[in-house]
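Student: Need a 3D model of the following:
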Amino acid sequence: MYSLTHLDDEALLRGFASLLACDRRTTAQLLAHIAEIDARHLYLRAGFESMQAYCVRELHLSTDAAAKRLQVARLARQLPVLFEAIADGRLHLKAVRLMAPRLNSFNVIELIEAAAGKTASEVEIVLANRFPQAEPLRLDDGIAPQIIVPQTLGENSHAPGHASFSPPAIAITPKVRTKIAAIAPERYTLQVTLQGSTCNKLRRAQELLGHAVPSGDVAQVLDRALDLLVGHLEKRKFGMGSKPRPERPAATTRCITVQTRNAVHERDGGTCTALKPNGWRCNSTKNLEYDHIVPVALGGKSTMDNLRLVCRAHNQAAAEEVFGLEHIERKKRERRLAAEQDQALLRPFAPEGKPRPVDAGGQRGGAVEVDAV
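Tutor: Now for the predicted structure:
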């Protein structure tokens, strides 16, 4: 009975399609029976306290299967058109459960048409487009208002001799909350709202890692992606992991060779070496830059002894102390203008119409600009 080796390919496929269609009709009938037995409370006659208990103990469904079917059955009894959509295969049970919080007698036909034949993920997108939800605020934002109406006077008061004036409301776009919480030793949960393009990249990474991470586990995909990103950034910023190459004369006195960058980073421990007023070391690991202790403009060289690792804020402060704030601001304006001009010139020649990225010092590739002047 269950051996189908005697069937040819066409007969096997026809039989499968027929059984699937029959299964869908049977599922709809099963749901209708569940809904009616539940409505009549016939489970009490059988000695069970609830319909779910009856399905689990008497009909031997799993707790999860019973709960899901009972949810769909109760909803379909209120909106009978759902039975028909399940029977003819337009909707599967997962789709109905996803739509359940939004379904009512006014939109059920429309939503069935929109979700017909779609996967669970596609149904989620349909619902997100039709019923967008506000993104959660960052934890440090408190309860920030979404609309701010400036008011200089009382709500119902007006300045003498002036007509009433209602200042325009200012819409405030809430920040997206990114939450990382520790839940166990070396275990964290991550809550983040992604843009559509970022979500597509994540799913593409899952596809490309199909052999290495068959489950598509997001945590493993992120771990591998961050390994690549951190390695790339460490190599780019500090020369870490670069293959030793013969030292070559720097093109300019500002240029720092890969070997020197790597050595300074290792010596300074990858943290800012600037000292705070209380004598404590800054030790910041963010926005690190290579600073010439004796500035290049005063004859300093890009050697290990004349370089130190500092954060951007302390690098800026050191430059302002030596050259003055006005001089530094003027140099910044000149560099921004030069970078904009370079981008305008290179844009027609860049691949796919995209100019090569310009760093804070106005350089592309090669050496890193490290001084603030």
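Student: So which residues of this protein form strands?
Tutor: Taking DSSP state E as the test, the strands found in the chain are 147-148, 170-171, 179-184, 187-191, 288-292, 307-311.
Student: ok, of those strands, where does mean pLDDT dip lowest?
Tutor: Among these, strand 147-148 carries the lowest mean pLDDT, a mean of 42.
Student: Could you name the stretch from the strands of the chain that's closest to residue 231?
Tutor: Residue 231 lies closest, by Cβ to Cβ, to one member of these: strand 288-292, at 16.4 Å. Bear in mind the C-beta positions are built from the backbone N, C-alpha and C, glycine included.
Student: I'd like to know which elements that closest one is packed against.
Tutor: strand 307-311, helix 312-323 (3 or more Cβ pairs under 8 Å, 6 or more residues apart in numbering; DSSP states H and E).
Student: With distance to residue 217 added, can I get those in JSON lines?
Tutor: Shown next, in JSON lines, are the helices and strands packed on strand 288-292 (distance: least, Cβ to Cβ, whole Å):
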{"stretch": "strand 307-311", "distance to residue 217": "35"}
{"stretch": "helix 312-323", "distance to residue 217": "36"}
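Student: Buried deepest among the ones you listed, which one?
Tutor: Greatest average neighbour count among those goes to strand 307-311 (a mean of 23), per mean count of other Cβ atoms under 10 Å.
Student: quick one: buried residues of stretch 193-206?
Tutor: Neighbour counts using 16 or more other Cβ atoms under 10 Å place 202, 205, 206 of stretch 193-206 among the buried residues.
Student: about what we covered before: the helices and strands packed on strand 288-292: which one's closest to residue 123?
Tutor: Across those, residue 123 has its closest neighbour in helix 312-323 (46.6 Å, Cβ to Cβ).
Student: if we can go back for a sec, closest one to residue 48 out of the buried residues of stretch 193-206, please.
Tutor: Checking the buried residues of stretch 193-206 one by one against residue 48 (Cβ to Cβ), the nearest turns out to be residue 206, at 43.0 Å.
Student: quick one on the thing from earlier: of the helices and strands packed on strand 288-292, which is nearest residue 254?
Tutor: Comparing the helices and strands packed on strand 288-292 under Cβ to Cβ, the one sitting nearest is strand 307-311, at 11.2 Å.
Student: Walk me through which strands the closest one pairs with, and which way each runs.
Tutor: Partners of strand 307-311 in the sheet, by DSSP bridges, are strand 288-292 (antiparallel).
Student: Can you tell me what sits against the partner strand?
Tutor: Strand 288-292 is contacted from outside by 237-238, 256, 261, 264, 270-272, 300-302, 306-312, 314-315, 318, 368, 370-371, using Cβ atoms under 8 Å, 6 or more residues apart in numbering.
Student: 7 Å - rerun?
Tutor: Residues outside strand 288-292 that contact it (Cβ atoms under 7 Å, 6 or more residues apart in numbering): 256, 261, 264, 272, 300, 306-312, 315, 318, 368, 370-371.
Student: next one: stretch 216-233
Tutor: 202, 205, 206, 209, 213, 241.
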